[in-house]
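Colleague: With the sequence up front, the predicted model follows.
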Amino acid sequence: MNFKKGQMANKSLKNNHSMKTVNWKLKIKRSVGFFRKNYIITIFIACILFVGVVVVARSYLSKPTYIYVKVKVGQGLWWATTAKPATWYVDSVNKGDVSLDILGKPEAKILFKKYYQWYGTDQYDVYLNIYLKVGRNKKTGEYTFNRAVLAVGSPIEVQFPKINITGTVISLSEKQFEEKLVERTIYLSKRGAFPWELEAIKIGDSYFNGEEKIFEVIDKSGIELTNLTWDAYGNNTPSISEPSKYITVKAKVKMKQVNGQWILGEDQPIISGRAINISTPNFVFDNYIVSRIE
């Protein structure tokens, strides 16, 4: 009896296996028939799979290209005049922030952040040095990022975990940027300054751009001015309606020299006779002219 039961069990298992094999073959035939009838869908799916395999293979097998990109934060189009970043934006950008691609690999890293207050307002010129993963066309030498050509003057957008960076590319290099800053002494002067301005200027006041101190007041002086008025006969007499001063400020400034021109920050020429855009925590040098560079 036990032998017969065993034979029956074996037959049952064989029948189940045969049924499963038949069902599996039927499913394959139906699938093949479906793809034959709907060949457009078949081609579309095949193309998607092919592109996916190529992308994954290139991501894992190709060696990434990294370059250094200097970005001026803003709207992106260098010729467009838009509002500059405010204090809250500047504080949200952090040196060392890293952006990751879809595979979790580093795509961009902020190496430094420099910012310069715009003529005493609550807006800033912000410059970033970003270590960026890019594509490179070996034939043309072009770099691409997010499927767009990357060149000086082109807009760029990088999404970091806590902030979205948009701006204009102002420089790019395969090597780290090397900027040699030279400390010089400059003299600033203002005619017709208010009497309180001389007191407001503090010796030792300085401006820090996020990386280093680039401006420091080391001396100041002021001369009382007498306003003159003329009568109908051409005679002038002293006027005491509004006393003013002629102020001179001596300061140490760190600048770089580009094509024989002294540059403060990234793009502010320092020339005798030209106004300077600089401020300290205690004073905004409004309408102060560079009178001498030593």
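Modeller: That came in fine, so what should we check first?

Colleague: Quick check: can you list the domain ranges of this structure?
Modeller: For the chain, the structural domains run 65-173, 182-293, going by automatic domain parsing.

Colleague: got these as TSV, with mean neighbour count and mean pLDDT columns?
Modeller: For every residue, glycine as well, the C-beta is placed using N, CA and C. Listed next are the domains of the chain as TSV, based on neighbours: other CB atoms under 10 Å; pLDDT from 0 to 100:
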stretch	mean neighbour count	mean pLDDT
domain 65-173	15	91
domain 182-293	15	88
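
Colleague: Could you export those as CSV, including distance to Leu49?
Modeller: Below are those laid out as CSV (distance: least, CB to CB, whole Å):
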stretch, distance to Leu49
domain 65-173, 17
domain 182-293, 47
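
Colleague: Nearest approach to Ile48 belongs to which of the ones you listed?
Modeller: Evaluated over the domains of the chain, closeness to Ile48 peaks at domain 65-173, with 16.1 Å, by CB to CB.

Colleague: now do the same end-to-end measure for that closest one.
Modeller: From its first residue to its last, domain 65-173 covers 12 Å (CA to CA, to the nearest Å).

Colleague: How far away from the center of its chain is it?
Modeller: Centroid separation for domain 65-173 versus its chain: 3 Å, with CA atoms, centre = their mean, to the nearest Å.

Colleague: The helix or strand harbouring Leu172 - contacts with which helices or strands?
Modeller: Taking DSSP states H and E as the definition, Leu172 sits inside strand 164-173. Under the contact definition 3 or more CB pairs under 8 Å, 6 or more residues apart in numbering; DSSP states H and E, strand 164-173 sits against strand 65-73, strand 124-136, strand 155-159.

Colleague: And the ones you listed: which comes nearest Trp196?
Modeller: strand 124-136 (26.2 Å).

Colleague: all helices of the chain, in order?
Modeller: 2-37, 39-61, 87-92, 195-200 (DSSP state H).

Colleague: Least confident of those, on average?
Modeller: Here the lowest mean pLDDT among the helices of the chain goes to helix 2-37, at a mean of 53.

Colleague: Enumerate every residue touching Thr87.
Modeller: Going by CB atoms under 8 Å, 6 or more residues apart in numbering, Thr87 touches Asp122, Tyr124.

Colleague: roughly how far apart are it and Ile170?
Modeller: According to CB to CB, to the nearest Å, Thr87 and Ile170 sit 22 Å apart.

Colleague: coming back round to it: ok, residues contacting the strand holding Leu172?
Modeller: With contact meaning CB under 8 Å, 6+ apart, strand 164-173 is reached by 67-78, 93, 126-128, 130, 143, 150-159, 177, 266.

Colleague: same check, this time on stretch 254-266
Modeller: 70, 72, 114, 116, 125, 127, 170, 179-184, 209, 212-215, 253, 269-271, 276, 278, 293.

Colleague: Quick check: phi and psi on the nearest residue to Pro281 once chain neighbours are set aside?
Modeller: Spatial nearest neighbour of Pro281, excluding adjacent residues (CB to CB, 6 or more residues apart in numbering): Asp205 at 6.6 Å. In terms of degrees, to the nearest 10, the main-chain angles of Asp205 are phi -60, psi 140.

Colleague: show me the contacts for Asp205.
Modeller: Residues near Asp205 by CB under 8 Å, 6+ apart: Glu216, Val217, Thr280, Pro281, Asn282, Phe283.

Colleague: Mind exporting the C-alpha coordinates of stretch 282-289 to CSV?
Modeller: Provided in CSV are the C-alpha atoms of stretch 282-289 (Å, rounded to 0.1, in the frame of the first residue of the first chain):
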residue,chain,number,x,y,z
ASN,A,282,31.1,101.2,11.4
PHE,A,283,31.2,103.3,8.2
VAL,A,284,30.3,103.4,4.6
PHE,A,285,32.8,105.3,2.4
ASP,A,286,30.2,107.1,0.3
ASN,A,287,31.7,109.4,-2.3
TYR,A,288,35.3,108.9,-1.1
ILE,A,289,37.8,109.2,-4.0
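
Colleague: Give me the distance between it and the centre of its chain.
Modeller: On CA atoms, centre = their mean, the centre of stretch 282-289 falls 28 Å from that of its chain.

Colleague: Nice, that's everything, thank you.
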